[in-house]
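[1] what follows is a predicted protein model with its sequence.
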Amino acid sequence: MFDFKRATVVQRILKDKVSIASFEGPVSYVAGCDLTFLNPFKTPTMGIASFVVLKYPEIDVVEKVWVSGKVDIPYVPGFLGFREIPLLLKAYAKLSQRPDVTIVDGHGITHPRGLGVASHFGVVLGIPTIGCAKKPLYGKFEIPGMEKGDFSFIYDDVGEKIGVVLRTKTGVKPVYISPGHLINVESALEIVKNLVVSYKLPEPTRMAHNFLQEVRKHIRAEIKE
DNA sequence: GCGACAG
DNA sequence: ATCTTGTCGC
């Protein structure tokens, strides 16, 4: 079984490698990634990962890839990276067009030890990443206004600004954005805002998710007959 | 000791 | 995160 005690040590080491700085250079391609499981409650189980690369800021699809494989680490809050990163790396390796920034489904530094899946993934590859989660995990914040565009910042226990709660759609639950690696809160917020169209989730994340539903449907059809 | 806890 | 239809509200 997986040793979460040692995993904590690994997280503390990797956390020191996370770089938070304003994003420099042009952003021409942005990617979104996601994972789905045949049975998320069983371990091991089969997982499927996807990456969708979009032209920025046009939001035109450039490339979509997916891979499947065995996932043998269970989901435990605070250790999502160890469960999802192996497949994410496998999928990322199939990309022809490397993104300038990658949005990961989960938290970045808004994590108990400052190393959510987005930061973990970013450090492993040494690439810029942004965490975009659907539920809070760590940090203090005020509930933002109900209109699309309303937001409030997330702070850690020493008052450091580590993320932002953004209402991406009027009257709908907000998303939690934070730097993963090689970016800061302001740049992360700016990029995500430009990728939100008319749904709760930014397009890269949404498309990576929808693409997986399609793939999983086809895979299960093959397994039967 | 108790509650909270991304996907 | 998965399995699933209808239904209520803007």
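    Cool, got the structure.
[2] output the contacting helices and strands for the longest helix seen in chain A.
    What stands out as the longest helix in chain A, according to DSSP state H, is helix A:203-224. Applying 3 or more CB pairs under 8 Å, 6 or more residues apart in numbering; DSSP states H and E, we find helix A:203-224 packed against strand A:29-37, strand A:45-55, strand A:60-71, strand A:101-105. To be clear about C-beta, it is placed using only N, CA and C from the backbone, and glycine gets the same treatment.
[3] mean neighbour count, the ones you listed: which tops it?
    The highest average neighbour count among these, using mean count of other CB atoms under 10 Å, belongs to strand A:101-105 at a mean of 27.
[4] neighbouring strands - and their directions - for it?
    Sheet pairing of strand A:101-105 (DSSP bridges) gives strand A:29-37 (parallel), strand A:129-133 (parallel).
[5] for it, which outside residues touch it?
    With CB atoms under 8 Å, 6 or more residues apart in numbering as the test, strand A:101-105 has contacts from A:23, A:27, A:30-35, A:51, A:56, A:88, A:92, A:117-118, A:121-122, A:127-133, A:180, A:183, A:191-192, A:195, A:202, A:204-205, A:208-209.
[6] give me the low-pLDDT residue ranges for chain A?
    Under the criterion pLDDT under 70, the flagged ranges of chain A are A:224-225.
[7] please, which helix or strand holds the residue of it found nearest DNA strand C?
    Here chain A gets closest to DNA strand C at one residue, residue A:40, 3.1 Å apart by CB to the nearest atom of the strand. Residue A:40 belongs to no helix or strand when elements are defined using DSSP states H and E.
[8] so what's the residue count around it?
    If you count neighbours by other CB atoms under 10 Å, residue A:40 ends up with 13.
[9] what's the spacing between it and DNA strand B?
    4 Å (CB to the nearest atom of the strand, to the nearest Å).
[10] cool, and residue A:115?
    Separation of residue A:115 from DNA strand B (CB to the nearest atom of the strand) stands at 7 Å.
[11] if we can go back for a sec, redo the helices and strands packed on helix A:203-224 as a markdown table? Include distance to residue A:2.
    Listed next are the helices and strands packed on helix A:203-224 as a markdown table, based on distance: least, CB to CB, whole Å:
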| stretch | distance to residue A:2 |
| --- | --- |
| strand A:29-37 | 16 |
| strand A:45-55 | 14 |
| strand A:60-71 | 11 |
| strand A:101-105 | 21 |
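[12] of all the ones you listed, which one is nearest residue A:111?
    strand A:101-105 (12.0 Å; CB to CB).
[13] can you dump the C-alpha coordinates of the closest one into PDB?
    The C-alpha coordinates for strand A:101-105 follow below in PDB (Å, rounded to 0.1, in the frame of the first residue of the first chain):
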ATOM      1  CA  VAL A 101       0.400  27.300 -19.600                       C
ATOM      2  CA  THR A 102      -1.500  24.200 -18.400                       C
ATOM      3  CA  ILE A 103      -4.700  24.400 -16.300                       C
ATOM      4  CA  VAL A 104      -5.000  21.400 -13.900                       C
ATOM      5  CA  ASP A 105      -8.300  20.300 -12.500                       C
END
